[in-house]
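A.B. asks: Have a look at this prediction, sequence included:
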Amino acid sequence: MSRSHEGYWPFGHFSSTFKMIFPNGFSLSPKYYSLLHSFEVTLSGRLKKLKPQGSSDVLSLLWMRDAIESLSETHTDIKSLITDLQFPINNWDNKWMDIYLDSSAKLLDICIAFSAKMSRIDQGHLFHKYVLHVLDFSCDSTSVSEQNIKQVRKSLYDWMQHINNSSPRFNNSLVVLQELITSLDMTKVKNSSKGKVLTYAMYGARVHTIFVCTVLWSALSGSQTLLVDLAVPEKFLWTEAFNDLQNKVTGQIRSYFPYERPVVLKEVAAVDQCVENILSLISKVDENKRECCKTAETLQCHVLNLSESSKNLAHRLDLVSNQMGNFFQIVLSGRDALLCNLQNSDI
């Protein structure tokens, strides 16, 4: 039996794809074809899973959790790919290293900034707890006292101010993300099969990362300043999935702005609605000096809604924060591994 094609025939069904990716007659061995194909197919599937089903799913903490988890998986795949390619550290082009180290440093800063913003939102739970305590006590009495109304109103307004303020670190993350966007390009690699595979895989990881981070920044800031449409070449196996995801997500976020509605996380919006309801009700009580028994049922309903919405917000913030912490550790470990290899190579 002829064995002249052994090792090559399994790749015939996608070899034409890589001819588009690697023009000018550049060829890859079946092993490298397989590694890159596997990475791109996996990335495509991951992007498809991120496509939100409903219009309200985009600006939600659950989507943010899934998006950050997908980033962790992609960056883990990059680390595995480097291992599978068996890259000697002295074969790393200086430009690749600079891009990797610079991008990873920026990602660590972004993780810290996002975590700080989410921690600030979570701290607002203290305002809710105080309001719930005061109103729960008031609903058991015959009337809402003037002192109770003042305490509740102050805490609710403090929440509104607290949630809209950002730390300097989070504000600075805007500049960091803008730098990542402007530096997004395809690094040219000559005469290196491993280098080309890694370059194309890293490009996909960077597109995935920048997209998710800009959407998260928009959701946490309430601004569309960073909402840009990334133009990706059609030659990748994950391009179609990415374009579908980008169109769906950015289209939904942009739909808020023609109506001058701020971009607000779904869970934060639920708390804000409860806050507005309570403020509206206690204003009527304050103006008309009505007894609490006449509005007790409505007030208790608003108190219950605020309690549930606040707990839901705190719980989902924990989920996102945990995923962000995992992503931070993955980026940090990959960066440390490369730096360690560089030191050992120098020795």
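C.D. replies: Perfect, thanks for sending it.
A.B. asks: and stretch 323-333, average pLDDT?
C.D. replies: Mean pLDDT, stretch 323-333: 95.
A.B. asks: heads up, I number from 821, so please use that
C.D. replies: I'll keep to 821 as the first residue from here, and by that count the last item is stretch 1143-1153.
A.B. asks: export it as CSV, just CAs?
C.D. replies: C-alpha atoms of stretch 1143-1153 as CSV (Å, rounded to 0.1, in the frame of the first residue of the first chain):
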residue,chain,number,x,y,z
GLN,A,1143,-13.8,35.4,37.1
MET,A,1144,-11.8,38.6,36.8
GLY,A,1145,-9.4,37.3,39.5
ASN,A,1146,-9.0,34.0,37.6
PHE,A,1147,-8.2,35.9,34.4
PHE,A,1148,-5.7,38.1,36.2
GLN,A,1149,-3.9,35.1,37.5
ILE,A,1150,-3.8,33.4,34.0
VAL,A,1151,-2.3,36.6,32.4
LEU,A,1152,0.1,37.0,35.3
SER,A,1153,1.3,33.3,35.2
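A.B. asks: And it, what's buried?
C.D. replies: Judged by neighbour count using 16 or more other C-beta atoms under 10 Å, the buried positions of stretch 1143-1153 are Gln1143, Met1144, Phe1147, Phe1148, Ile1150, Val1151. C-betas here are computed from N, CA, C, even on glycine.
A.B. asks: Now tell me what touches it from outside.
C.D. replies: 885, 888-889, 891-892, 895-896, 899, 924, 927-928, 931-932, 934-935, 938 (C-beta atoms under 8 Å, 6 or more residues apart in numbering).
A.B. asks: Among those residues, name the buried ones.
C.D. replies: 885, 888-889, 891-892, 895, 924, 927-928, 931, 934-935, 938.
A.B. asks: rewinding a little: of the buried residues of stretch 1143-1153, which is the nearest to Lys869?
C.D. replies: Closest approach to Lys869 among those (C-beta to C-beta): Gln1143, at 14.7 Å.
A.B. asks: residue contacts, Gln906?
C.D. replies: Gln906 touches nothing, counting by C-beta under 8 Å, 6+ apart.
A.B. asks: Would you state the helices of the protein in chain order?
C.D. replies: With helices called from DSSP state H, the chain shows them at 835-841, 850-870, 881-905, 914-943, 945-959, 966-984, 988-1002, 1013-1041, 1059-1074, 1086-1108, 1112-1166.
A.B. asks: Among the contacts of stretch 1143-1153, give me the pair with the biggest separation.
C.D. replies: Lys899 and Met938 (25.6 Å).
A.B. asks: Now do the residue lying closest to Cys931 once chain neighbours are set aside against Phe1062, distance only.
C.D. replies: Nearest in space to Cys931, with sequence neighbours left out and distances taken as C-beta to C-beta, 6 or more residues apart in numbering, is Phe1148 at 4.2 Å. Distance of Phe1148 to Phe1062, given as C-beta to C-beta, to the nearest Å: 24 Å.
A.B. asks: swap in Ala925?
C.D. replies: 25 Å.
A.B. asks: Equivalent analysis for Ile898, please.
C.D. replies: Noted for Ile898: a distance of 16 Å to Phe1062, by C-beta to C-beta.
A.B. asks: before we move on, what about Arg973?
C.D. replies: 47 Å.
A.B. asks: These two: who's more crowded?
C.D. replies: Phe1062 (21 against 16; other C-beta atoms under 10 Å).
A.B. asks: thinking again about what came up before, pLDDT-wise, what's the bottom of the contacts of stretch 1143-1153?
C.D. replies: Lys899 (88).
A.B. asks: can you tell me which residues contact it?
C.D. replies: Ile1150, Ser1153, Gly1154, Ala1157 are the contacts of Lys899 under C-beta under 8 Å, 6+ apart.
A.B. asks: now those as CSV including distance to Ser987?
C.D. replies: Listed next are the contacts of Lys899 as CSV, based on distance: C-beta to C-beta, whole Å:
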residue, distance to Ser987
Ile1150, 24
Ser1153, 26
Gly1154, 27
Ala1157, 30
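A.B. asks: which one of those residues is nearest Val954?
C.D. replies: Nearest member of these to Val954, counting by C-beta to C-beta, is Ile1150, at 43.4 Å.
A.B. asks: For the stretch 821-970 of the chain, give me the ranges with low pLDDT.
C.D. replies: 821-848, 875-876, 907-914, 957-964 (pLDDT under 70).
A.B. asks: if we go to 80?
C.D. replies: 821-849, 874-877, 906-919, 955-966, 968 (pLDDT under 80).
A.B. asks: quick one, what contacts the closest residue in space to Gln943 that isn't next to it in sequence?
C.D. replies: The shortest distance from Gln943 to any non-neighbouring residue, by C-beta to C-beta, 6+ apart, is to His982 (7.2 Å). Residues in contact with His982 (C-beta under 8 Å, 6+ apart) are Arg940, Gln943, Gly944, Phe947.
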